[in-house]
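**Student:** heads up, no residue letters with this:
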């Protein structure tokens, strides 16, 4: 099987984000594989071990994303591809989809896996956008996946319930928490990852101009949510507390 994983480099979820002059300050910040993409990498490795083939991990970003690609190789992926996008101004989900679409244009694909969302942006758009561009089916929020006889049978999380879908390959799947338990890279895996192929491409290699991948959205402002104020404890008789609570919800919280 030709198995691909689209992966993103994101802030460590434990990082405290700082913003100065409307820009995110990332000096010294730790980066990781987007946690939802880890499920995709793990599932890809399990599918390869069961059905044969190879796993290629692809990311769009700057040269520093090589570290996260090496981590995916250490987990067990076979190959990695870094598509550098430094020339794209104000890149967004459209930009990523366009670049990935150009990369996959001449590839033979059985299945593409990715995370359901990225923890930094949280839009969940890239996977469905890419599937639409490639003209293949896609299923999001998948918590169980089986491949047999050229078909994928998936269980999809639908807000507390499950939906079972059967779809022909090729297909793009986005992984939800619960699909599997991602493995930690072992020491032998880390050593092997150093020798596995990691290809670096740029827009020219994909016959794309910067304008082709220019974002369709523009960031107007970035700001942190306001600090939480101290809570209030209401005293007195129950009826008095209820009346005071209603008054506060109207005058201060302004939610009723």
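**Tutor:** Yep, it's here. Treat the numbers as computed from the prediction; the structure is a model and nothing was measured.

**Student:** For the rest of this, base every contact and every neighbour count on C-alpha atoms.
**Tutor:** OK.

**Student:** quick one, phi psi at the most centrally placed residue in the chain?
**Tutor:** Taking Cα atoms, centre = their mean, the centroid of the chain lies closest to residue 118, which sits 3.5 Å from it. Dihedral angles of residue 118 (phi, psi; degrees, to the nearest 10) stand at phi -100, psi 140.

**Student:** Find me whatever residue is spatially closest to it, sequence neighbours aside.
**Tutor:** Counting by Cα to Cα, 6 or more residues apart in numbering, residue 34 is the residue found nearest to residue 118 once chain neighbours are left out, at 6.0 Å.

**Student:** Residue 110 now?
**Tutor:** residue 170 (4.5 Å).

**Student:** Now for the one you found, how many residues are close by?
**Tutor:** 21 (other Cα atoms under 10 Å).

**Student:** tell me the contacts of it?
**Tutor:** In this structure, residue 170 makes contact with 109, 110, 111, 112, 136, 137, judged by Cα atoms under 8 Å, 6 or more residues apart in numbering.

**Student:** roughly how far apart are the first one and residue 178?
**Tutor:** Here residue 109 is placed at a distance of 25 Å from residue 178 (Cα to Cα, to the nearest Å).

**Student:** So between the two, which is more surrounded?
**Tutor:** Shown here are residue 109 and residue 178; by other Cα under 10 Å, residue 109 has more neighbours (17 against 13).

**Student:** which residues touch the more buried one?
**Tutor:** Shown in contact with residue 109 (Cα under 8 Å, 6+ apart): 1, 2, 3, 4, 170.

**Student:** The biggest strand by length in the chain packs against which elements?
**Tutor:** The longest strand of the chain (DSSP state E) is strand 137-148. Applying 3 or more Cα pairs under 8 Å, 6 or more residues apart in numbering; DSSP states H and E, one finds that strand 137-148 contacts helix 126-134, strand 151-158, strand 171-175.

**Student:** Pick the most deeply packed of the ones you listed.
**Tutor:** Comparing these by mean neighbour count (mean count of other Cα atoms under 10 Å), strand 171-175 comes out on top with a mean of 25.

**Student:** average pLDDT for that strand?
**Tutor:** Averaging pLDDT along strand 171-175 yields 95.

**Student:** Same check on stretch 243-256?
**Tutor:** In this model, stretch 243-256 carries a mean pLDDT of 85.

**Student:** Equivalent analysis for stretch 203-213, please.
**Tutor:** Stretch 203-213 comes out with an average pLDDT of 87.

**Student:** What residues of that stretch count as buried?
**Tutor:** Using 16 or more other Cα atoms under 10 Å as the test for burial, stretch 203-213 gives 203, 206, 213.

**Student:** Please enumerate residues in contact with that stretch?
**Tutor:** Stretch 203-213 is contacted from outside by 83-85, 87-89, 91, 94-96, 98-99, 102-103, using Cα under 8 Å, 6+ apart.

**Student:** Break this protein down into its structural domains.
**Tutor:** For the chain, automatic domain parsing gives the domain ranges 2-213, 227-256.

**Student:** of the ones you listed, which approaches residue 221 most closely?
**Tutor:** domain 2-213 (6.0 Å; Cα to Cα).

**Student:** now the end-to-end length of the closest one.
**Tutor:** Taking Cα to Cα, domain 2-213 runs 26 Å from one end to the other.

**Student:** How far away from the center of its chain is that domain?
**Tutor:** Relative to its parent chain, domain 2-213 has a centroid offset of 6 Å by Cα atoms, centre = their mean, to the nearest Å.
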